[in-house]
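Visitor: below is the sequence, then the predicted model.
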Amino acid sequence: MNPSNVDFVDSKSILVINPTGKMRQVFVPFRVQVQTDTTTYKKSSWLIVDEVQAHSRHKLLYKIGDSWWQYNLFRLAVVF
């Protein structure tokens with residue numbers, strides 16, 4: 001999902017806008033795919049987001065397990 005098309009709503013959901021302008025609120029838990037190898041996760045792995053947090057520098061953070069990650073490390077696949 002294009003980073004500019006995802007916005008924070010609250011700790012339990014995000015707002016996603018598709019290329020045609022349709023909006024959908026996505027609630028946790030939701031799945032994301034790792035886009036870049038990290039110290040913890042391998043590229044292409046699928047993970048579950050348990051919580052969302054707004055961030056001044058990264059726009060959004062995803063809580064996965066016990067750690068917070070910047071959202072643009074992941075791909076969110078939402079079809080609507």
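Guide: Sure thing, it's come through. These numbers come from a predicted model, not from an experiment.
Visitor: just name the shakiest helix or strand of the chain by mean pLDDT.
Guide: Using mean pLDDT, DSSP states H and E, the weakest-scoring helix or strand in the chain turns out to be strand 6-10, at a mean of 87.
Visitor: pLDDT of the next helix or strand after that strand, averaged?
Guide: The element immediately downstream of strand 6-10 (helix or strand, assigned by DSSP states H and E) is strand 13-17. Computed over strand 13-17, the mean pLDDT rounds to 93.
Visitor: C-terminal to strand 13-17, what's the next element?
Guide: Proceeding C-terminally, strand 13-17 gives way to strand 23-27 as the next helix or strand, assigned by DSSP H and E.
Visitor: quick one, the next helix or strand after that following strand and strand 13-17 angle?
Guide: Sequence-wise, the next helix or strand beyond strand 23-27 is strand 30-34, with elements assigned using DSSP H and E. Strand 30-34 and strand 13-17 are oriented at 70 degrees to each other (axes from the mean of the first three to the mean of the last three Cα atoms, to 10 degrees).
Visitor: so in that sheet, which strands flank strand 30-34, and in what orientation?
Guide: Taking DSSP bridges as the criterion, strand 30-34 forms sheet pairs with strand 46-49 (antiparallel), strand 74-75 (antiparallel).
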